[in-house]
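> let me see the structure of the following:
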Amino acid sequence: MTGGTTDDGAGSAGRAGRRQGAPRGRTEQANALASFVLEVTDGVTLRELAERYHVGKTMWGEYRSGQKLVPLDLLERLVADRTPDEATRVSRTRTARRLHAAAVDAAAGPPEPGAVSDPGPSAPTDTPPRRRRHRLAVGLTVTAAVAVVALLLLVALLPSGSEDISAGGKLPSGGAAQDGSPPVRAAPLTGTGVFAIGPDGDGVLQWDGPGAGDWTRIGDTAKRLWAGPAGLFATGVRGDGLFAYGGSPGRWHQVGEPGADFAISGTRVYRLAPDRGSVHVWDGRGTSWTWVGGPASKLYGGGPGLFATNAKDGRIFKYAGRPGEWEFVGTAGADFALTDRHLYGLTPDRAMVTRWLAPETRDADEKWTWAAGPAGALFAGAAGLFSTDPTGTRLRHYAKNAWHDIGPAGAEVRVAGREVFVLTDDRTSVRRWDPRTDTWTRVGGPAGTLAVTVPRAGP
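Below is the predicted model:
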């Protein structure tokens with residue numbers, strides 16, 4: 001982070017007992033909100049605020065100066081923590097909501113005469129981002145015209161050693177099919193495709209689409225499914241290996257050995273070894289795979305690429321495209337999810353959801369930004385970001401910097417190109433949510449599990 005700050009954040013405001021200068025927001029309403037935040041946090045250092053709420057010292061200084069608007073859910077948490085008396089807390093919360101609403105409304109209009117127009121050191125620049133590898137870099141930046149919030153994590157160099165996901169391993173393995181037949185390829189998938197395994201693994205089914213309302217049986221049995229532009233893949237078709245769908249009912253070919261996890265990013269398929277000691281990418285034909293890293297605990301694939309969590313401490317890395325090269329993204333989270341463009345993370349206490357900014361920013365301290373409030377689990381795809389509520393019972397859609405309830409969460413959630421598909425809690429029904437009409441429609445069931453394609457291809 002650039003700018004003339006002290007060790008404790010934004011100038012003299014970093015130490016308790018020193019008065020901060022007059023608010024410098026773009027509107028009178030932003031200044032009023034800043035004065036309220038300054039009052040509530042009186043006697044608390046920026047460092048203490050950063051440690052308590054996982055939001056950086058610089059950003060707290062800007063909240064208290066009015067240069068940026070504190071998010072409402074963070075403001076409410078602040079009021080609750082800093083106001084032990086219940087009656088006063090209720091009154092303060094009302095005041096906080098009123099001031100925040102006024103500041104947000106005013107931010108949508110032109111700056112008022114005399115207001116400060118300097119966006120501050122966290123404003124985006126046109127400087128091309130610099131790629132950095134093996135470094136923890138998360139922080140704060142502007143997210144929207146009416147809500148500016150962020151998450152700060154400690155900056156630390158990635159330690160070397162055998163626990164690093166980029167540790168050495170074997171390179172290409174495999175080749176033609178074991179029975180001597182010509183190498184096979186998966187049938188690529190385009191558009192939205194919805195697939196299900198029948199109850200107790202009986203049958204692999206493909207949805208024929210809204211107009212037909214029927215399902216076509218394309219396989220006899222399976223345990224798990226993975227779908228994406230690279231194709232449809234399953235385990236448990238014949239044994240425990242990975243099988244690729246050949247494009248016509250009954251046509252399945254083994255392409256790999258068993259794995260602890262699999263992920264699809266664009267036209268690439270990745271496999272985590274059963275002992276989680278190595279990660280491999282399918283070479284696209286036959287049973288040939290190439291080592292790319294490891295060890296790891298879980299894989300995440302999507303439009304932005306392949307990500308994996310460290311097997312020892314849960315830190316998350318991005319595969320840089322060449323064997324053994326992984327970029328350090330951030331520390332451990334309770335969950336991660338990929339849309340067609342962004343990686344989102346849920347903090348370990350599940351109190352907030354943050355979005356990874358790289359490669360949007362070149363600042364080593366500006367790699368993550370606040371996106372939304374508490375969540376139970378994350379789901380994402382080309383249709384956007386979704387989550388369960390903290391109880392895990394309701395499904396929500398992320399839009400306009402907030403969560404919006406859309407219905408029961410069910411047993412499974414799968415995000416497709418434009419729609420969301422949910423397998424109900426009793427697994428007797430598959431339901432489809434259409435964001436254009438905000439309605440749910442039953443499209444099939446019962447089912448054991450679901451998989452959907454994400455049409456937009458990643459790397």
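> could I have the lengthiest helix in the chain exported to CSV, CA atoms only?
In the chain, assigned by DSSP state H, the helix with the most residues is helix 86-107. In CSV, the C-alpha atoms belonging to helix 86-107 read as follows (Å, rounded to 0.1, in the frame of the first residue of the first chain):
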residue,chain,number,x,y,z
GLU,A,86,-28.7,-2.7,24.8
ALA,A,87,-30.8,0.4,24.6
THR,A,88,-27.9,2.5,23.4
ARG,A,89,-26.9,-0.2,21.0
VAL,A,90,-30.4,-0.2,19.4
SER,A,91,-30.4,3.6,19.0
ARG,A,92,-26.9,3.6,17.6
THR,A,93,-27.7,0.9,15.1
ARG,A,94,-30.6,2.9,13.8
THR,A,95,-28.4,5.9,13.5
ALA,A,96,-25.7,3.8,11.7
ARG,A,97,-28.2,2.5,9.2
ARG,A,98,-29.6,6.0,8.5
LEU,A,99,-26.2,7.6,8.0
HIS,A,100,-25.0,4.7,5.9
ALA,A,101,-28.1,4.8,3.6
ALA,A,102,-27.6,8.6,3.2
ALA,A,103,-23.9,8.2,2.3
VAL,A,104,-24.6,5.5,-0.2
ASP,A,105,-27.4,7.5,-1.9
ALA,A,106,-25.2,10.6,-2.0
ALA,A,107,-22.2,8.6,-3.4
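> partners of the helix or strand following it, with directions?
Next in sequence after helix 86-107, counting helices and strands by DSSP states H and E, comes strand 194-197. Sheet pairing of strand 194-197 (DSSP bridges) gives strand 202-207 (antiparallel), strand 449-452 (antiparallel).
> okay if I get those strands as a markdown table plus mean pLDDT and distance to F317?
C-beta: built from backbone N, CA, C; applies to glycine. Below are those laid out as a markdown table (pLDDT from 0 to 100; distance: least, C-beta to C-beta, whole Å):
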| stretch | mean pLDDT | distance to F317 |
| --- | --- | --- |
| strand 202-207 | 93 | 32 |
| strand 449-452 | 93 | 25 |
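> please point out which parts of the helix or strand of the chain with the lowest mean pLDDT sit buried.
Ranked by mean pLDDT, DSSP states H and E, the weakest helix or strand in the chain is helix 46-53, scoring a mean of 82. The neighbour-count check on helix 46-53 (16 or more other C-beta atoms under 10 Å) flags 46, 48-50, 53 as buried.
> repeat that for stretch 93-113.
96, 99-100, 102-104, 106-107.
> could you do stretch 229-240 as well?
229-237.
> compute the first-to-last residue distance for it.
Length of stretch 229-240, first residue to last, C-alpha to C-alpha, to the nearest Å: 23 Å.
> starting at the chain centroid, how far to that stretch?
Stretch 229-240 sits 25 Å away from the centroid of its parent chain (C-alpha atoms, centre = their mean, to the nearest Å).
> distance of the closest residue to D425 other than its chain neighbours relative to S429?
Among residues not flanking D425 along the chain, A411 sits closest, at 5.2 Å (C-beta to C-beta, 6 or more residues apart in numbering). The gap separating A411 from S429 is 10 Å, by C-beta to C-beta, to the nearest Å.
> do the same with A351
33 Å.
> what is the neighbour count of A377?
For A377, the count of nearby residues is 18 (other C-beta atoms under 10 Å).
> and A263, by the same measure?
By other C-beta under 10 Å, 23 other residues sit near A263.
> using the three-state scheme, assign it.
strand (DSSP: H, G, I helix; E, B strand; the rest coil).
> I figured it hits T309, correct?
No - the pair A263 and T309 fails to qualify as a contact (C-beta atoms under 8 Å) at a distance of 11.6 Å.
> hey, what's in contact with both of the two?
Y300 (C-beta atoms under 8 Å, 6 or more residues apart in numbering).
> quick one: low-confidence parts of the stretch 251-400 of the chain?
In the predicted model, the stretch 251-400 of the chain carries pLDDT under 70 at residues 359-366.
> quick check, T441 in contact with D434.
Yes - T441 is within contact range of D434, at 7.2 Å (criterion: C-beta under 8 Å).
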